[in-house]
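Engineer: Predicted model, plus sequence, below.
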Amino acid sequence: MLDLRKLRYFLMVAEELHFGRAALRLHLAQPPLTRQISALEAELGFKLFDRTSRTVALTAQGRAFLPYARGVLEQVELAHVIAGKLAAGTAGQLALGYVSSIALSDLFSQAIQAFAQRFPDVQLTLVECASGSLGAQVADGRLDIGLSRLLPQNDHVQALSLGEERLVAAVSSDSPLAEQATVSLAQLCAYPVILFPADYGSGLNQTVEQLYRQHGVPLRAGPTGRQITSIIALVAAGQGVALVPACTQSLMNKGVTYRPLVEVDACARLLVLTPTERPSALVDAFLSVIGEASLLRKPQ
């Protein structure tokens, strides 16, 4: 294996084309430098320099070898830089899971953009998941971090709150409800509610069901959709109403009108899930970035 030190010596002599000046820059006496170059030539099996008492010039083989030697040393330097970034938590890979409704929020897009700008050497993998599976995937290491609306039922995962988002009613534009400035749960109870499937483990489902229950309003279950976009499409088709985070209003589907809810407690929480033990430096870095846009705290 080639000695990196000898390669550095070769590059310095090739740059100066003078052993004395190269030795001075290397803080080395000239005879040891000459011996190291001779040893490198013996290892390579060809001469690197044509030397006389007055001149030093690269041989044809030396000129051909020069870019490869330079490339090796540049890669070594890059490896040192990346190693330092890995140790500092500013490089590597981060797998982020999220539920479909959160992907529509400004917080999500702002955090992803800010993280990518601040940590360009991190490969960020984004995985859309059901809320019910996010906790398990963070616990077993398939995901490093998760953005969810459902508290995990796993001792190996902790949840921090990113705050709450108001819920709005998505109604068909043909519905009388679309003519009103606001709507109430009492008015919505006349319509079937479009939810995620029961086996989806949706945090939004849990929030909506709890809201109806707390206000003593019966919930008529309607058809289901596995994506927030399919739920809104079902509303447009007149199949019922949906209670969705306010960020969903960015889906400007024809035939759907969004109306604020009268109930002040009609909110959906937004949680970030991380491993309870030994979170990585990159997880801490992402928490720092997303925490700048929201107040991280333990949910009650």
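Structural biologist: Received, thanks.

Engineer: can you pull the buried residues of stretch 38-54?
Structural biologist: 40, 41, 44, 47, 48, 49 (16 or more other C-beta atoms under 10 Å). Every residue, glycine included, has its C-beta placed from N, CA and C.

Engineer: On the three-state scheme, residue 264 is what?
Structural biologist: coil (DSSP: H, G, I helix; E, B strand; the rest coil).

Engineer: Just want to check the distance between it and residue 167.
Structural biologist: 11 Å (C-beta to C-beta, to the nearest Å).

Engineer: what does residue 286 give?
Structural biologist: 26 Å.

Engineer: Specify which residue of these two has the higher count of neighbours.
Structural biologist: Ranked by neighbour count (other C-beta atoms under 10 Å), residue 286 and residue 167 place residue 286 first, with 27 against 23.

Engineer: what sits against that one?
Structural biologist: 94, 96, 111, 115, 145 (C-beta atoms under 8 Å, 6 or more residues apart in numbering).

Engineer: In which helix or strand does residue 229 reside?
Structural biologist: Assigned by DSSP states H and E, residue 229 belongs to helix 228-236.

Engineer: Spell out which strands sit alongside the next helix or strand along the chain from that helix in the sheet and which way each one runs.
Structural biologist: With elements assigned by DSSP H and E, the helix or strand that comes after helix 228-236 is strand 242-245. Using DSSP bridges, strand 242-245 pairs in its sheet with strand 157-172 (antiparallel).

Engineer: Which SSE is immediately downstream of the partner strand?
Structural biologist: helix 185-188.

Engineer: Give me the mean pLDDT for the very next helix or strand once past that next one.
Structural biologist: Where DSSP H and E defines the elements, the next helix or strand beyond helix 185-188 is strand 193-195. The average pLDDT within strand 193-195 is 96.

Engineer: next one: strand 193-195 to chain centre, how far?
Structural biologist: 30 Å (C-alpha atoms, centre = their mean, to the nearest Å).

Engineer: which secondary structure elements does that strand contact?
Structural biologist: Here strand 193-195 touches helix 203-214, strand 221-224, helix 228-236, strand 242-245, going by 3 or more C-beta pairs under 8 Å, 6 or more residues apart in numbering; DSSP states H and E.

Engineer: Out of those, which is the most enclosed?
Structural biologist: Most buried of the helices and strands packed on strand 193-195, by mean neighbour count (mean count of other C-beta atoms under 10 Å): strand 242-245, with a mean of 26.

Engineer: I would like the residues contacting it, please.
Structural biologist: 101-102, 104-105, 165-170, 188, 193-195, 204, 208, 211, 228, 231-232, 234-235, 261, 266, 268.

Engineer: Before I go, just wanted to say thanks for your time.
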